[in-house]
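Chemist: model this:
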Amino acid sequence: MPFYPSIRKMPLDMKARTLGGLARLREQLDEEIPNRKVTETLLLGTWNIRNFDDDRFNNGHRTTEDFFYIAEIISRFDIIAVQELCEDIAPLDKVMKLLGRNYRYIVSDVTEGRPGNKERLAFIYDEDKVSFRGMTGELVLPDKMQIIDGEGDKEKRRQFSRTPFMAAFQSGWFKFILTTVHIYFGENSGPKYERRVKEIRTVAKFLSKRADRDVNKKELGSHILVGDFNIKREGSPGDEALEEEGFTIFRNREGTNKDQNRFYDQISFKSKENQVQLATDGSHGVLQFFDSIYRATDFDSYRTELLKSVRVKIKDFKREKKSAEARKARARTEETKSKAEEKIQKKLDEIAEWTQLLTNDDKLKKYYLSTWRTFRASDHLPLWVELKIDFSDEYLKNLTD
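Modeler: Model (predicted):
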C-alpha cells in the first residue's frame, strides 16, 4: 500500500480528483487482481510506462497525482518489469518513495543511439516477498547471432535497438531469471518490420539456448521473458517467433494497448516441466486502468492542464518556425531554401491545427482521450500473471517416491 500523507499538500481541486481516482482504482484492483499471498503465489507483471518521464513530446511532465496512480498499480505486484524509463531516474525515485522502504528497483543503463531512444529497463520488487540473487546483466549478442539488417553492400550487423535486461530472483521455492525487453518497432511492413521480427526471434533464441544450458542448474532456475514485444496480433511472425524457439506464452485474450486491440506486451517462459505454473487457470489478465482514472467523464476536470499543454506545443511550433525562417535566410542553395520553406509551412499548419484546440472542445477532448492521458499514465496496460511458488507438496512426494 503506497504512502498517502502528501495528498494533504495538494491543491484542493487536485486533492479531490486524486482521492476519487484512487478510490475507483483501488476498487478495480481489488476486483481484478488477486490479493498478494505471502508464501503461496507470486504476482508478476510487466508494464511499458510511456516515456517516463522527460516530456520530450511537450505533453507535460507527470504530476503528483499521476505518481500516486502509478504507485497504486505497481504496489499490487510482488515484482514488475518496467519499460520505457527515460534517462533521468528522479521520476522513478518519486514513485519508489510512495511505495515505501520494502520496495527496491534494479535499473539498466541507458541504451544509446537513435533506436535506443535513451531508454532504460527496470525491475521493481517487494523485498519482503522477492529476493534479488545478485546476478544481473544486459544481453550482448555474439558475432554469429547479431541481427542482419539490409543486403549486399548495405548489410549491417546490429545489436538490439534497446538492450534486453535480466536479473535473477527468488520467491519462496521459486528461483527464476527474469528478462525484460522493449523490441524495436520500425514499421508495419517491409525491412523495418523484418528487423522487429528478427529482434524477437533473436532474443528468444539467445535465451532459449541459455535456458537449455541452465536447465539442470538448480541454483539458476526458470527463465521468464517479458516486456513490450510490439506484437500487433496473435499468429503474426513476431508472435510465432517466441513459440518456435521453445517459449510458452501466457495467452491473454485482451490487448495491452489503450484500445485493447494490439498484443504488444507478452509474458513467456522456458523451464523444466511444471516449474512455472499459474496459481489457477484464470490467474492472468490485463488491467484497463482507464476504467477508473483519466476517464472520458473526467475531461472537464483536466481542462486547465490540457490547455497549458496545448499552449506549450504552439509556443514550441513557433520557435521551430522561427528557426526554419533563419535557415531560409542563410540558405545558399535552392535545395536548402526549399527544405526550409517546407519546414516553415509544416509549422504554420501545426500552429493553425493546435490553435483550434484552444476554442474547440471536441478537438480538445479528442487530444485528451487519444494522447494526453497516455502521457499521464501510459498507452500500454499492465499485463500480469499469478504464479505458484510453494512446491513443498511435490517435494515431499518426490522424497516418498
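Chemist: make it CA atoms for all contacts and neighbour counts henceforth
Modeler: Noted.
Chemist: mind checking how far the closest residue to residue 381 other than its chain neighbours is from residue 76?
Modeler: In space, and not counting its chain neighbours, residue 381 is closest to residue 256: 4.9 Å by C-alpha to C-alpha, 6 or more residues apart in numbering. Between residue 256 and residue 76 the computed distance is 18 Å (C-alpha to C-alpha, to the nearest Å).
Chemist: looking at those two, which has the bigger crowd around it?
Modeler: residue 256 (27 against 22; other C-alpha atoms under 10 Å).
Chemist: so that one sits against residue 289, correct?
Modeler: No - under the criterion of C-alpha atoms under 8 Å, residue 256 is not in contact with residue 289, lying 11.0 Å apart.
Chemist: need the residues touching each of these two.
Modeler: Shared contacts of residue 256 and residue 289, defined by C-alpha atoms under 8 Å, 6 or more residues apart in numbering, are found at residue 381.
Chemist: helix or strand: which one has residue 267?
Modeler: strand 265-270 (DSSP states H and E).
Chemist: what do you get for residue 136?
Modeler: Going by DSSP H and E, residue 136 is part of strand 131-138.
Chemist: also residue 163?
Modeler: Applying DSSP H and E, one finds residue 163 in no helix or strand.
Chemist: what about it, how many neighbours?
Modeler: 26.
Chemist: show me what contacts it?
Modeler: Neighbours of residue 163 in contact, by C-alpha under 8 Å, 6+ apart: 111, 116, 138, 139, 140, 181.
Chemist: partner residues bridging the third one?
Modeler: To tie it back to what came earlier, the one meant is residue 138. residue 165 (DSSP bridges).
Chemist: quick one, what contacts it?
Modeler: Residue 138 touches 108, 163, 164, 165, 166, counting by C-alpha under 8 Å, 6+ apart.
Chemist: returning to that earlier point: min pLDDT across the contacts of residue 163, which one?
Modeler: Within the contacts of residue 163, pLDDT reaches its minimum at residue 116, with 78.
Chemist: wait, a helix at it?
Modeler: No - counting by DSSP: H, G, I helix; E, B strand; the rest coil, residue 116 is located in no helix; its state is coil.
Chemist: does residue 130 touch residue 79 like I think?
Modeler: Yes - at 7.3 Å, residue 130 counts as touching residue 79 under the criterion of C-alpha under 8 Å.
Chemist: of these two, who's got more company?
Modeler: residue 79 (27 against 20).
Chemist: grab the nearest non-local neighbour of that one.
Modeler: residue 125 (4.1 Å).
Chemist: ok, back up a step: parallel or antiparallel, list what pairs with the strand holding residue 267.
Modeler: Strand 265-270 has these strand partners (DSSP bridges): strand 222-228 (antiparallel), strand 248-249 (antiparallel).
Chemist: what's the most buried one of these?
Modeler: Greatest average neighbour count among those goes to strand 222-228 (a mean of 25), per mean count of other C-alpha atoms under 10 Å.
Chemist: okay, strands next: where are they in the stretch 151-300 of the chain?
Modeler: 156-158, 165-171, 174-182, 222-228, 248-249, 265-270, 284-286 (DSSP state E, counting those that start in this stretch).
Chemist: secondary structure element holding residue 347?
Modeler: Using DSSP H and E, residue 347 falls within helix 334-355.
Chemist: any idea how far residue 388 is from residue 41?
Modeler: For residue 388, the distance to residue 41 - C-alpha to C-alpha - is 5 Å.
Chemist: nope, residue 3 is what I was after
Modeler: On the measure of C-alpha to C-alpha, residue 3 and residue 41 end up 24 Å apart.
Chemist: looking at these two now, which is surrounded by more residues?
Modeler: residue 41 (24 against 13).
Chemist: which helix is the longest one in the protein?
Modeler: Secondary structure of the chain read by DSSP state H shows that its longest helix is helix 303-330.
Chemist: tell me which residues in that one are buried?
Modeler: Residues 306, 309-311, 313-314, 317-318, 320-321, 324-325, 327-328 are the ones in helix 303-330 that count as buried (16 or more other C-alpha atoms under 10 Å).
Chemist: picking that back up, from the contacts of residue 138, pick the one nearest residue 372.
Modeler: Nearest to residue 372, judged by C-alpha to C-alpha, of these is residue 108 at 27.3 Å.
Chemist: show me what contacts that closest one?
Modeler: Shown in contact with residue 108 (C-alpha under 8 Å, 6+ apart): 120, 121, 122, 138, 165.
Chemist: list phi and psi for the residue nearest the centre of the chain.
Modeler: Taking C-alpha atoms, centre = their mean, the centroid of the chain lies closest to residue 48, which sits 0.9 Å from it. The phi/psi pair for residue 48 (degrees, to the nearest 10) reads phi -90, psi 110.
Chemist: and the closest residue to it other than its chain neighbours, how far from residue 382?
Modeler: Among residues not flanking residue 48 along the chain, residue 83 sits closest, at 4.5 Å (C-alpha to C-alpha, 6+ apart). Relative to residue 382, residue 83 is positioned 11 Å away (C-alpha to C-alpha).
Chemist: quick one: low-confidence parts of the stretch 51-200 of the chain?
Modeler: Residue ranges of the stretch 51-200 of the chain with pLDDT under 70: 151-154.
Chemist: at which residues are the helices of it located?
Modeler: Ranges of helices in the stretch 51-200 of the chain, per DSSP state H, counting those that start in this stretch, are 64-74, 90-99, 190-214.
Chemist: can you tell me which helices and strands the last one packs against?
Modeler: When contacts are defined as 3 or more C-alpha pairs under 8 Å, 6 or more residues apart in numbering; DSSP states H and E, helix 190-214 packs onto strand 147-149, strand 222-228, helix 237-244.
Chemist: residues in contact with that helix?
Modeler: By C-alpha under 8 Å, 6+ apart, helix 190-214 touches 145, 147, 149-150, 160, 183-187, 220-223, 229, 237-238, 241-242, 245-247, 270-271.
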